[in-house]
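**Q** Sequence and predicted model, in that order:
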Amino acid sequence: MTTLFIDADACPVKEEAERVATRHKVPMKVVSNGGLRPSRNPLVEHVIVPEGPDVADMWIADRCGAGDVVVTGDIPLAAKCVEAGARVLKHNGEALTQANVGQALATRDLMADLRAADPFRQGGGRGFTKADRSRFLDALEREMRAALKGV
């Protein structure tokens, strides 16, 4: 049975994911350290994990598998989920697969090294846009259909 897992801390697309899960009648696990308003939707289970680094990530990685869909912006978690056979989407709709997750990990590590080498570097990434939200919805719909078909 397909389950939709949401790495919920700092996830900007929880509501969109809930709409897709509801449309497909798929259970959704919203995993966080707390502080989120629970949904009244019976398909949505809020899982609150203890405080600590990567506790929510470990919870998801230990439970996801083939046929599941995971939404996360955390590249190391994405790599573990892909290895477990899950379909993984970033918040902007970009799919992480066996073919590209290694490169995503390498890029993440390179960028961390560059930031560490230049402590005066200011600014962050670009903002989350309506186009990102729209791409996410389209991508989640495709991944959910594929997961339910067992493709």
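**A** All right, it came through fine. Residues are numbered from 1 along each chain as shown.

**Q** where exactly do the helices run in this structure?
**A** According to DSSP state H, the chain carries its helices in the segments 14-24, 55-63, 75-83, 101-117, 130-149.

**Q** avg pLDDT for the first one?
**A** The average pLDDT within helix 14-24 is 96.

**Q** Taking their axis directions, it and helix 130-149 sit at what angle?
**A** 30 degrees (axes from the mean of the first three to the mean of the last three C-alpha atoms, to 10 degrees).

**Q** I would like the residues contacting helix 14-24, please.
**A** Identification of contacts with helix 14-24 by C-beta atoms under 8 Å, 6 or more residues apart in numbering yields 2, 4, 6, 8, 11, 27-28, 30, 36, 39, 41, 43-44, 71, 133, 136-137, 140-141, 144-145, 148. To be clear about C-beta, it is placed using only N, CA and C from the backbone, and glycine gets the same treatment.

**Q** Buried residues, that helix. List them.
**A** For helix 14-24, a neighbour-count test (16 or more other C-beta atoms under 10 Å) marks 14, 16, 17, 18, 20, 21, 24 as buried.

**Q** Give me the distance between the third one and residue 40.
**A** Counting by C-beta to C-beta, to the nearest Å, the separation of residue 17 from residue 40 is 16 Å.

**Q** so which of the buried residues of helix 14-24 comes closest to residue 53?
**A** Set against residue 53, the nearest of those by C-beta to C-beta is residue 14 (21.6 Å).

**Q** Now, of the contacts of helix 14-24, which are buried?
**A** Here, 16+ other C-beta under 10 Å leaves 2, 4, 6, 8, 11, 28, 30, 36, 39, 44, 71, 133, 136-137, 140-141, 144 buried among those.
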